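*Asks:* Show me the folded form of this:
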Amino acid sequence: MDFSKIVTKSAFGRQNQVYLKDLIPLDTNIDYSPTDEFIKLIDCIRYARNNSKPVIMFMGAHVIKCGLSLFVIDLIKQGWITHLAGNGAVSIHDFELAFLGATSEDVPMAIDDGSFGMWEETGGWMNDAIKIGKDAGYGKAVAQYIESNIERFPHFSMSILHTAYKLDIPVTIHVAIGTDIIHQHPSADFGSIGIASGNDFYIFCESVSDLDGGVFMNFGSAVTGPEVFLKALSIVRNLGYAKDNITTANFDLKPLGDYKINIGYEDPDYYYRPRKNIVNRPTQNSGKGWHFELDHIISIPLLHQLLVERG
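*Replies:* Now for the predicted structure:
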């Protein structure tokens, strides 16, 4: 199969589901009373930052698609988030918002004729960025490309990756080959993609190595986030870094009931990775782990409100 024959088209003029006007403003009032567990998480984040410990945020792309980029950006600017991590889709939607001012194409309209994901600027530019900057890591490579070609990105201030890069905050992207639309582009170099994301895993492990007294939060990444975190945690413990006093929190719409009890293979919730790999296993001997059944449009603005607005 000859990928060089794949036909792409410009993303400009594309119908999208998320536009800059859909970004939720920072002053939006959240009519929700936080639970005692949520307040305890806020206290753990404050303790971590007051003691120069990391607060790592791993997220899926729906955080961006829900219009929450401004909140993540401000949490980074205010020093509450010290490491931002995500899957490949996070980088794509962030990148498109920065150059196009919109993202999230209508998949059902495009899958039948094979035009889904075949966007020249998204695929071409991002693959160029990864090939050029792979040694620095995937997230930094994409952010550096935005910085070096700023005229192409009139909405760069809406980019989480670029904001983190300018503030020297690690931003790591953890991908699987074939999962992202830029892998469909004729210029995709899977060797470079692997090197770039592999280097980001090294960077991620460095942050996890200092997690004693710190916080790890996962927003909506059901597979990549929990798997990457558990492997990184195993590596740093294997290398002798004491990682017992950690706090973990998972945010998702999925109800888990009493997520602390032991369940067997016959229970479908057993196979929900964040329950095991984020909330319970890392904190089974010490530390704290919570699951919050909340929509991102509540959890992230509420986190921002309690940390930034209330200090």
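*Asks:* which residue ranges form the strands in the chain?
*Replies:* Along the chain, the stretches classed as strands by DSSP state E are 16-19, 55-59, 83-87, 102-105, 171-174, 215-219, 247-252, 288-293.
*Asks:* right, and the ones you listed - which one's nearest Ile263?
*Replies:* Nearest to Ile263, of all these, is strand 288-293, at 13.3 Å by Cβ to Cβ. For every residue, glycine as well, the C-beta is placed using N, CA and C.
*Asks:* Report the strands that pair with that closest one, each with its relative direction.
*Replies:* The strands beside strand 288-293 in its sheet (DSSP bridges) come out as strand 247-252 (parallel).
*Asks:* Send me the partner strand as CSV with only the CA atoms.
*Replies:* Output of strand 247-252 as CSV, limited to C-alpha atoms (Å, rounded to 0.1, in the frame of the first residue of the first chain):
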residue,chain,number,x,y,z
THR,A,247,-2.0,11.7,45.8
THR,A,248,-3.9,10.6,42.8
ALA,A,249,-7.3,11.7,41.3
ASN,A,250,-9.2,10.5,38.3
PHE,A,251,-12.0,12.6,36.7
ASP,A,252,-14.5,11.0,34.4
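*Asks:* Compute the inter-axis angle for that strand and strand 55-59.
*Replies:* Computed by axes from the mean of the first three to the mean of the last three Cα atoms, to 10 degrees, the angle separating strand 247-252 from strand 55-59 equals 20 degrees.
*Asks:* ok, and what's touching strand 247-252?
*Replies:* For strand 247-252, contacts defined as Cβ atoms under 8 Å, 6 or more residues apart in numbering pick out 41, 44, 48, 214-220, 222, 226, 274-275, 278-279, 282-283, 287-294, 296, 299-300.
*Asks:* what's next to stretch 158-171, contact-wise?
*Replies:* 20, 23, 64, 69-70, 72-73, 76-77, 81-85, 90-91, 94-95, 97-98, 101, 139-140, 142-144, 146-147, 153, 156-157, 203-204, 206-207.
*Asks:* pLDDT weak spots in this protein?
*Replies:* Applying pLDDT under 70 to the chain flags residues 311.
*Asks:* Where do the helices of it begin and end?
*Replies:* For the chain, the helices defined by DSSP state H cover 36-50, 62-65, 69-77, 88-100, 107-110, 120-133, 138-148, 160-166, 190-208, 224-238, 273-274, 296-304.
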